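Enquirer: below is the structure, and that's it, no one-letter string:
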């Protein structure tokens, strides 16, 4: 089960946007929640959030809870990708639509170049990690537009395995494939504090949205 926080779509700056509503799902993958003209921030069921007032407090609590869930690690670095500020537009294999308010969309793999997101390099806190956990979120936006009723956009959670993931800790010198939520052992040659993540859409049919990424270390 996840909780979906509906965020005011138009407030600037985004960090001060109000939380309009929250909905809880009964299933993790495939759940559908109306977006009602807002932006959704997903909070996993194992993360505790208490009375957030805006996007800043919501994300702070979300990722503090994520770090607490993975006991034994000290730091978390993350991007909820509510804007495209940390997309690496110099990457030649980048392919997709990159906008604000949860609008980073990777097209399906048609056998040419699959949709691909790559982050800019993020400076990690503390010493270079020898282990880390990488996690990310994937969703679809589905439009229902019946002839006799109003059009409704819904957020549909997708499995993390809909993307392949590669990460680097030394600014691209070495890269390693990662599995969502699994411990990644980083060889000494690949250790560092200059982190970047690449996500690639493996679907052959669906445009998929990148909801967030985080590295726990």
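Expert: Perfect, thanks for sending it. The shown structure was predicted, so the numbers you read here are calculated from the model rather than taken from an experiment. Numbers count the residues shown, from 1 in each chain.
Enquirer: quick one: residues in contact with the worst-scoring helix or strand of the chain on mean pLDDT.
Expert: Taking mean pLDDT, DSSP states H and E as the measure, the chain has strand 32-34 as its least confident helix or strand, at a mean of 84. Defining contact as Cβ atoms under 8 Å, 6 or more residues apart in numbering, one finds that strand 32-34 is touched by 4, 23, 25, 40, 142, 152-156. Quick note: C-beta positions are derived from backbone N, CA and C, even for glycine.
Enquirer: now do the buried residues in stretch 79-86.
Expert: Within stretch 79-86, the residues that qualify as buried are 79-83, counting by 16 or more other Cβ atoms under 10 Å.
Enquirer: so which of those residues sit within helices?
Expert: Residues of those located in helices (DSSP state H): none.
Enquirer: the residues you listed in strands, which ones?
Expert: residue 79 (DSSP state E).
Enquirer: quick one: which of the buried residues of stretch 79-86 is nearest residue 93?
Expert: Within the buried residues of stretch 79-86, the smallest distance to residue 93 is 18.2 Å, found for residue 81 (Cβ to Cβ).
Enquirer: surely that closest one is in contact with residue 211?
Expert: Yes - counting by Cβ atoms under 8 Å, residue 211 is a contact partner of residue 81 at 6.7 Å.
Enquirer: any common contacting residues for those two?
Expert: residue 102.
Enquirer: and for stretch 170-178, what's in contact with it?
Expert: Contacts for stretch 170-178 (Cβ under 8 Å, 6+ apart): 121, 134, 164-168, 184, 186-187, 189-192, 194, 196-198.
Enquirer: one more time with 10 Å
Expert: Applying Cβ atoms under 10 Å, 6 or more residues apart in numbering, the contact partners of stretch 170-178 are 88, 91, 118, 121, 128, 132-136, 164-169, 184-187, 189-199, 215.
Enquirer: quick revisit: dump the contacts of strand 32-34 into a markdown table; add secondary structure as well.
Expert: Listed next are the contacts of strand 32-34 as a markdown table, based on DSSP: H, G, I helix; E, B strand; the rest coil:
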| residue | secondary structure |
| --- | --- |
| 4 | strand |
| 23 | strand |
| 25 | coil |
| 40 | strand |
| 142 | strand |
| 152 | strand |
| 153 | strand |
| 154 | strand |
| 155 | strand |
| 156 | strand |
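Enquirer: residue 114: which of those residues is nearest?
Expert: Of the contacts of strand 32-34, the one sitting nearest to residue 114 (Cβ to Cβ) turns out to be residue 156, at 19.9 Å.
Enquirer: in terms of pLDDT, where does the closest one sit?
Expert: In this model, residue 156 is scored at 92, pLDDT.
Enquirer: show me what it is bridged to.
Expert: residue 32, residue 140 (DSSP bridges).
Enquirer: over to residue 136?
Expert: Here residue 136, judged by DSSP bridges, has bridge partners residue 213.
Enquirer: for it, the count of nearby residues, please.
Expert: 23 (other Cβ atoms under 10 Å).
Enquirer: right, and it touches residue 81 too?
Expert: Yes - between residue 136 and residue 81 a contact is recorded at 9.3 Å, counting by Cβ atoms under 10 Å.
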